[in-house]
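Chemist: all I have is the shape, not the residue letters:
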Ligand code: HPA
């Protein structure tokens, strides 16, 4: 199977995007696109969750050369938090220096409801694991004080303003999944300072920082946290509401890439 470098045939993206469910639109906005299914890329996720396509789209988005990853591998699929490591390493190898990660998440703030977009400016790793466990040398002691890059955050906030789209910001708390949280866990998460909860992204952010990439990340809010409305949560709800927030996030991303990321 070809490596990413072989598949890209000399094309050198500067930015990678990992798209969560309902955000496939960003991949469609890529110009001069070359699409490679993960199944044809050595080291890329070979499984898949319903609602996620598994393909890489390389091309241009605004002022940037990008590699858009539609679909990610989650910790809850097999218990391997480092599942995206090989893919991220290959992206860094072909020239990627910035990662934009997106996900769907439950909101802990009633005012930031389904359809809203939240910029992640910090996280809480509540999974009990870490993708760098087992890494042998001192490079594993990665500082996460500025995990979410200040200049990138500014670029995207300016884009949201230009698009006149509300972009909240907050702390994302990573639960392993695949179950949704209990109401008690949601109350705990709130007390601990989280603004949104979800089952992805944090391991990729840790790996990306380990590899020296600058990171920005966004949550598309699909629901309020368990127990906040009385309704049961479901994956169907996630798939239904993801695209609403997804369209907003897509507009913010396209505007930011058109202007050029700092
Ligand atoms: N919890 C965890 N993950 C999620 C949620 C949630 O409420 N909504 C979408 N992904």
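Modeler: Cool, the structure landed. Source: prediction; values computed, not measured.

Chemist: tell me the secondary structure of residue 106, please.
Modeler: strand (DSSP: H, G, I helix; E, B strand; the rest coil).

Chemist: doesn't residue 227 make contact with it?
Modeler: No - the criterion here is C-beta atoms under 8 Å, and residue 106 misses it with residue 227 at 10.4 Å. Placement of C-beta: from N, CA and C, glycine included.

Chemist: wait, does the longest helix belonging to the chain make contact with the ligand?
Modeler: In the chain, assigned by DSSP state H, the helix with the most residues is helix 235-259. Yes - with C-beta under 6 Å from any ligand atom as the criterion, the ligand is reached by helix 235-259 at residue 238.

Chemist: for that helix, give the mean pLDDT please.
Modeler: Averaged over helix 235-259, pLDDT sits at 90.

Chemist: touching that helix from outside, list them.
Modeler: Helix 235-259 is contacted from outside by 15, 17, 20-23, 25-26, 29, 50-51, 61-64, 66, 100, 102, 104, 114-117, 155-156, 158-160, 162-163, 165, 167, 218, 220-223, using C-beta atoms under 8 Å, 6 or more residues apart in numbering.

Chemist: roughly how far out does it sit from the chain middle?
Modeler: Distance of helix 235-259 from its chain centroid, counting by C-alpha atoms, centre = their mean, to the nearest Å, is 12 Å.

Chemist: got a pLDDT number for residue 52?
Modeler: 50.

Chemist: what sits against residue 64?
Modeler: Per C-beta under 8 Å, 6+ apart, neighbours of residue 64: 13, 14, 15, 257, 260, 261.

Chemist: quick check: the third one vs the ligand, distance?
Modeler: What it means is residue 15. 24 Å (C-beta to the nearest ligand atom, to the nearest Å).

Chemist: same question, the fourth one
Modeler: Shown here: residue 257 relative to the ligand, a distance of 25 Å by C-beta to the nearest ligand atom.

Chemist: distance to residue 91 added to the contacts of residue 64, as JSON lines?
Modeler: Formatted as JSON lines, the contacts of residue 64 follow (distance: C-beta to C-beta, whole Å):
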{"residue": "13", "distance to residue 91": "7"}
{"residue": "14", "distance to residue 91": "10"}
{"residue": "15", "distance to residue 91": "9"}
{"residue": "257", "distance to residue 91": "17"}
{"residue": "260", "distance to residue 91": "20"}
{"residue": "261", "distance to residue 91": "16"}
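
Chemist: need the strands for the stretch 1-150 of the chain, in chain order.
Modeler: 15-19, 31-37, 55-61, 64-70, 98-107, 117-125 (DSSP state E, counting those that start in this stretch).

Chemist: strand partners (parallel or antiparallel) of the fifth one?
Modeler: Strands that pair with strand 98-107, judged by DSSP bridges, come out as strand 15-19 (parallel), strand 196-198 (antiparallel), strand 214-224 (parallel).

Chemist: understood, closing this out.
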